[in-house]
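>>> Provided below for reference: sequence and predicted model.
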Amino acid sequence: MAGLTGHPVLEIGDKFEELQNNIINNNKNKEVIDKAGLVVKGEENSNNNNNNQGGERDMAPPTSNSLHRSGSRPQLDLSKAAIQGNSEERDPTILLPNQSDDISHFALDIGGSLIKLVYFSRHEGQSIDDKRKKTIKEISNGSRRSYPILGGRLHFVKFETSKLNECLDFISSKQLHNGRIDSHYWNSEAPNKENAVIKATGGGAYKFADLFKERLGVSIDKEDEMDCLVAGANFLLKAIRHEAFTHMEGHKEFVQIDHNDLFPYLLVNVGSGVSMIKVDGDGKFQRVSGTNVGGGTYWGLGRLLTKCNSFDELLELSQRGDNRTIDMLVGDIYGGMDYSKIGLSASTIASSFGKAISDKKELEDHRPEDISLSLLRMISYNIGQISYLNALRFGLKRIFFGGFFIRGHAYTMDTISFAVHFWSQGQAQAMFLRHEGFLGALGAFMSYEKLGLDDLMVHQLVERFPMGAPYTGGKIHGPPLGNLNEKASIVRLCHI
Ligand SMILES: Nc1ncnc2c1ncn2[C@@H]1O[C@H](COP(=O)(O)OP(=O)(O)O)[C@@H](O)[C@H]1O
Ligand SMILES: CC(C)(COP(=O)(O)O)[C@@H](O)C(=O)NCCC(=O)O
């Protein structure tokens, strides 16, 4: 389905060397980044974003001449990283052109609905033995050293959890599981496959641990799901410019996050179920609420009611729906009139699916399109409203939404934004993350070396495609969400 896909292209930009000179004292990192400034690159790069696509090979197992910084574990180098792909592209990769250490990471987030996999591969033709490879200079303990630049990219792949075998086959076919050795063995000359450990988060890391051992011979090092979500979100919000954006009434706008003023915020991860996490800092958070009415509810109920075969099909149906045939509106109750005394217009939904009881209609008399839209609206609005109430509990003004339910879908985001805006009287703001569904997997990926943000923030981060978020296209389908001003008067008590 066109437009329901794609992750953005971001580039972590130049001045790497200059910044390297400033990282001796980690405490100064933030200052360095702020002073360096963040540059937005123009669309001119967008035409080139696929140029490197063929130039890679899949990650190979580390060899005995794997290049490590002496005495330390391989490190992830995000300088000049560019997340590849435009708004229409599915699961684009992140280029890591300056990756010098021969890392062989991959990590999984095995959720209730989807398995998310992040893995690294080196560029083809940039092997360690390639004498033509570029080098970078790095100040380490006061001395300059050169390292080969292998280059490579991060890949983002997802599978349905119910098709775990496809994921195992994928890992096997790419030999990803042979590339990762337990950290205790980094300096070992002959890494042993039996020591292979992979990082995984999500409930499936527990549920399927034995299967991974049996099928791939690897042990799963389980990382806590909430830890990973927060680590992934904090990294993206601090390190990637234009990661977050608002989406209201079809209008999308990137938000400039002040690194020094990020916390606290509410992270709402809309996966199968919904977790609401108050984030106070790196590794500092509390899961303050959740709801079992989430992405799994939309997909599960939607499938039962519409007989759709895929989530995207269900979402696509909603774009042609008219929920007024099934939702009970205020106007249906009030004879076409507004209930203006409490700030409700005639077009406000009084009761989702409310008309299904009064009409003498059976399920098959309703259009699947209308059912899908009504369901999507009901669940998205509910999540937005509950999120806001939790933000209110803790005085949080910013709410970031992640998870694959969002799917970069305009109507979903607009509905969530509307609920937050309406109930907060414009005091709180819903924001969305361009890497919505990969927060946990990214957090697990970063946990290999416990790469803190301080390590990552030494690089200047540059946006390559300002409009490259997962996006469904400009048009908002479905019924109008209503006029915010029309309804604002009833929520006087809801200030944060
Ligand atoms: N291709 C897909 N298959 C199933 N669900 C999908 C798909 N794309 C998006 N979704 C939505 O994403 C939700 C899962 O989101 P995700 O963040 O991966 O959570 P989990 O970790 O629980 O799997 C599903 O419940 C569904 O609403
Ligand atoms: C149990 C979960 C953390 C699992 O994460 P998921 O696979 O849904 O991403 C999540 O489904 C959840 O928070 N559910 C809501 C449970 C509740 O608070 O009522």
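Sure thing, it's come through. None of the values given here were measured: they were computed from a predicted structure. Numbers count the residues shown, from 1 in each chain. Ligands and ions are numbered 1, 2, ... in the order given.
>>> Could you list every helix and strand in contact with the host helix or strand of residue 303?
Following DSSP states H and E, one finds residue 303 within helix 295-306. Applying 3 or more Cβ pairs under 8 Å, 6 or more residues apart in numbering; DSSP states H and E, we find helix 295-306 packed against helix 311-318, helix 368-394. Every residue, glycine included, has its C-beta placed from N, CA and C.
>>> wait, does it make contact with ligand 2?
No: under the criterion of Cβ under 6 Å from any ligand atom, ligand 2 is not reached by helix 295-306; the shortest gap measures 6.7 Å.
>>> rewinding a little: quickly compare the helices and strands packed on helix 295-306 and say which is most buried.
helix 368-394 (a mean of 23; mean count of other Cβ atoms under 10 Å).
>>> report the angle between the axes of it and helix 311-318?
On the basis of axes from the mean of the first three to the mean of the last three Cα atoms, to 10 degrees, helix 368-394 is oriented at 100 degrees to helix 311-318.
>>> And helix 368-394, what does it pack against?
Using 3+ Cβ pairs under 8 Å, 6+ apart: helix 368-394 touches strand 265-270, strand 274-281, strand 284-291, helix 295-306, helix 311-318, strand 398-402, helix 410-423.
>>> For residue 445, which non-adjacent residue is closest in space?
residue 107 (3.9 Å; Cβ to Cβ, 6 or more residues apart in numbering).
>>> And the average pLDDT for the helix or strand hosting that neighbour is what?
Element membership for residue 107 (DSSP H and E) is strand 106-110. On average, the pLDDT along strand 106-110 is 96.
>>> gap between the residue in the chain that ligand 1 sits nearest to and residue 409?
Among all residues of the chain, residue 111 sits closest to ligand 1, at 1.8 Å; criterion: Cβ to the nearest ligand atom. Residue 111 is 18 Å from residue 409, where distance means Cβ to Cβ, to the nearest Å.
>>> repeat for residue 198
Taking Cβ to Cβ, one finds residue 198 at 31 Å from residue 409.
>>> Same check on residue 232?
Taken as Cβ to Cβ, the span from residue 232 to residue 409 is 20 Å.
>>> Next: residue 200.
Residue 200 is 27 Å from residue 409, by Cβ to Cβ.
>>> before we move on, the earlier item: which of the helices and strands packed on helix 368-394 is buried the deepest?
strand 265-270 (a mean of 28).
>>> angle of it against strand 274-281?
150 degrees.
>>> And the contacts of strand 265-270?
229-230, 233, 274-279, 285, 288, 294-295, 383, 387, 390-391, 394, 396, 398-406, 439-440 (Cβ atoms under 8 Å, 6 or more residues apart in numbering).
>>> give me the number of residues near the residue of the chain closest to ligand 1?
Using other Cβ atoms under 10 Å, residue 111 has 27 other residues around it.
>>> I'd guessed it sits against residue 159; true?
No: judged on Cβ atoms under 8 Å, residue 111 makes no contact with residue 159 at a distance of 10.5 Å.
>>> Flag every residue of the stretch 51-200 of the chain that's near ligand 1.
Residues of the stretch 51-200 of the chain lying near ligand 1 (Cβ under 6 Å from any ligand atom): 111, 112, 113, 114, 160.
>>> Ligand 2 next: which of those are close?
111, 112.
>>> what about burial for the residues of the stretch 51-200 of the chain next to ligand 1, which qualify?
Taking 16 or more other Cβ atoms under 10 Å as the criterion, what is buried in these is 111, 113, 114.
>>> Any idea how many residues pack against the spatially closest residue to residue 164 that is not a sequence neighbour?
With sequence-adjacent residues excluded and distances taken as Cβ to Cβ, 6+ apart, residue 164 is closest to residue 208, at 6.3 Å. The local packing of residue 208 (other Cβ under 10 Å) involves 22 other residues.
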